[in-house]
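Q: with the input below, show me the fold.
(one chain, ligands or ions: 1)
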Amino acid sequence: MLPDFRLRQRDYLLNISRAMTARLDLSSLLKLTLQSASDMLAGQAGLITLRRNDNSFAPYASIGLPIQALPLFKPLWEDLDTKSDQPDTSNITFRLALASRAAGVTLRQVVALPLEIGLEIIGYIFIFRNHGAAFSENDQHVLSSFANQAAISVQNARLYQEVSAERERLNAIIENSGDGVMIINPYRIIQTWNKALAQQTGISAEEAVGRPCYEILNLQTSQGVSVCHTMCPLIRRPIGGDGRLYAEGIYHRADGLAITYADNYSLQTNADGEVGQVIANVRDITQFREAEQLKQTLLSVISHELKTPVSIIKGYAGTLAREDANWDKATLADGLAVIEEEADRLDRLITNLLEASRLQAGGFKLCLTDLNLADLAKNAVENLQTTTDKHQFELDFPEDYPVISGDYERMWEVLTNLLGNAIKYSPDGGTISVFGDVTHTDIVQLSVRDEGIGIPSANHEHIFDRFYRVDNRLARQAPGTGLGLFLVKAVVEAHGGRVWVESTSGQGSTFTIELPIDPQNRT
Ligand code: ADP
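A: Sure, this is the predicted structure:
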């Protein structure tokens, strides 16, 4: 049987250990330690100092002492030898007498021990008595177990602080990463869903966490096949290669926007080599893929559309230049007309390409002058009439059709593109009408109507997109880049206007542009 004294000491220490596991904050734990030690040693007050960053010591927890008086006790610990585990406390009683008088308390005896972690002294514990009986060696011995307990508390608290600071730092990095980050467990259930992902997908962390990633971020191929269900690299680990776990696919947001994501997965394994969690770096590569696609389209447009007129010009020029042939005047004139026509086509194409790249680079500025759209339309018709004898042109503008403020060169491009298309997409000829209308005191309209192949309604919203061409045999027979209407729309919108088409497949098309009379005073 342990003597009563030892039993009490054990109970106190047990109590402190329990408090430690219950994660009481450090200052409460140290107060509890002081209180227990003081009870055991028949003391009336106690103090624990801890080492600060600058290596000096400062009070951290106390019992039985007025808080505001604590600095007055500094002489007690100020020159304790921090290297020795048995500090020289020979004149400490004298210092206590001075300090307690200054603090207005009666304390006569003191016992002090260092708090140690390994070889490092991290603080001191002091227990005070207000009566004359000096502390014995046995008292010191009892105090050492409390000093150990206090040192462990401090170390635990520090480790805990370090771990939580590290966790917070990691969370902050994940949360504020510009790329999407998702952490999933081995069953592909989402554990973490960061801010970037929430913003990009429109799905909040609350909605995503706890749900399977293949439901929340269901990636698809451009053909609509689910990447997550057929080729998730977490299920079908790639064989060979660089061992990288990678998936790419299109995510369709609730509002219809499509985002192309590239996911890189890294597996976190535990000591037994089992996968604990998977960190997925989810990067939005939509623009990158679009740029790649555009580059491809541009290359094929350039190689196909530029090559055709160049080879026609070269063929005609070579034939007409043959020395052994004696061409009559009419044949020469015909040949030269073809060369001129093809050169014009090349010129339009190159202008469109340049304008499109200027538009992309943001260098699109209007140069506004007074513009008579009716005159401009007349000139454009006269210009293009020479390129066709299958089409008749009609112009119809009201007498009071107003002069507007617009960019001459750009509006010329708009009309040439619309009229050029009307000719191009009416391979059997017909009438092309250009007519104006004033729908509002400060808005004018101009329309170009043809009797050509028409445009299926499903294509109406796309034909103004860059490089978009209707995908049917009739439309494909005509040469083109899919840039003309894209530029028409950009120019008209830059003027504060809009453009639209009315058309039925096989029954001709009517393109209308609507422009403010003065774009700078648009109401
Ligand atoms: P391009 O004519 O060089 O292909 P555009 O941007 O001018 O490019 O036109 C885009 C597509 O819209 C064309 O490829 C064609 O399919 C369709 N389109 C444009 N104008 C007409 C028209 N007047 N009639 C029928 N289809 C047209």
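Q: only C-alpha atoms for contact and neighbour calcs from this point on.
A: OK.
Q: Gly224: which element?
A: Per DSSP states H and E: Gly224 is located in neither a helix nor a strand.
Q: if you tally nearby residues, what's the number for it?
A: Neighbour count of Gly224, defined by other C-alpha atoms under 10 Å: 10.
Q: the one 5 residues further on now?
A: One way to gauge burial is a neighbour count; for His229, by other C-alpha under 10 Å, it gives 13.
Q: repeat for Leu14
A: Leu14 - counted by other C-alpha under 10 Å - has 12 other residues nearby.
Q: part of a helix, is it?
A: Yes. Assessed by DSSP: H, G, I helix; E, B strand; the rest coil, Leu14 belongs to a helix.
Q: so for it, what's the pLDDT?
A: With respect to pLDDT, Leu14 scores 88.
Q: begin at 2 from here
A: Sure, I'll start numbering at 2, so the last one becomes Leu15.
Q: tell me the SS of the residue most central in space within the chain?
A: By C-alpha atoms, centre = their mean, the chain has its centre lying nearest to Gly179, at 4.3 Å. What three-state DSSP gives for Gly179 is coil.
Q: surely it touches Ala197?
A: Yes. Using C-alpha atoms under 8 Å, Gly179 is in contact with Ala197, at 6.0 Å.
Q: where in this structure is the helix or strand with the lowest mean pLDDT?
A: Among the helices and strands of the chain, helix 474-478 carries the lowest confidence by mean pLDDT, DSSP states H and E, at a mean of 79.
Q: show me what that one is packed against.
A: The helices and strands touching helix 474-478, judged by 3 or more C-alpha pairs under 8 Å, 6 or more residues apart in numbering; DSSP states H and E, number zero.
Q: list the contacts of it.
A: Residues outside helix 474-478 that contact it (C-alpha atoms under 8 Å, 6 or more residues apart in numbering) are Tyr426, Ile454, Arg470, Val471.
Q: swap in stretch 298-307?
A: Stretch 298-307 is touched from outside by Leu347, Leu350, Phe468, Pro480, Gly481, Thr482, with contacts defined as C-alpha under 8 Å, 6+ apart.
Q: return only those of the residues you listed found close to the ligand.
A: Under the cut-off given by C-alpha under 6 Å from any ligand atom, the ligand has Gly481, Thr482 from the contacts of stretch 298-307 close to it.
Q: residue ranges of the helices in the stretch 152-301 of the chain, please?
A: Secondary structure of the stretch 152-301 of the chain (DSSP state H, counting those that start in this stretch): helices at 196-202, 206-209, 214-217, 228-232, 287-302.
Q: on the three-state scheme, Ser145 is what?
A: Quick answer, by three-state DSSP: Ser145 is helix.
Q: if you count contacts, what does the helix or strand where Asn149 lies end up packed against?
A: Using DSSP H and E, Asn149 sits within helix 138-177. Contact here means 3+ C-alpha pairs under 8 Å, 6+ apart; on that basis helix 138-177 packs against helix 5-22, helix 27-41, strand 110-118, strand 121-130, helix 196-202.
Q: quick revisit: tell me which two of the contacts of helix 474-478 sit farthest apart.
A: Ile454 and Arg470 (13.6 Å; C-alpha to C-alpha).
Q: more neighbours: which of the two?
A: Using other C-alpha under 10 Å, the more surrounded residue of Ile454 and Arg470 is Ile454, with 21 against 18.
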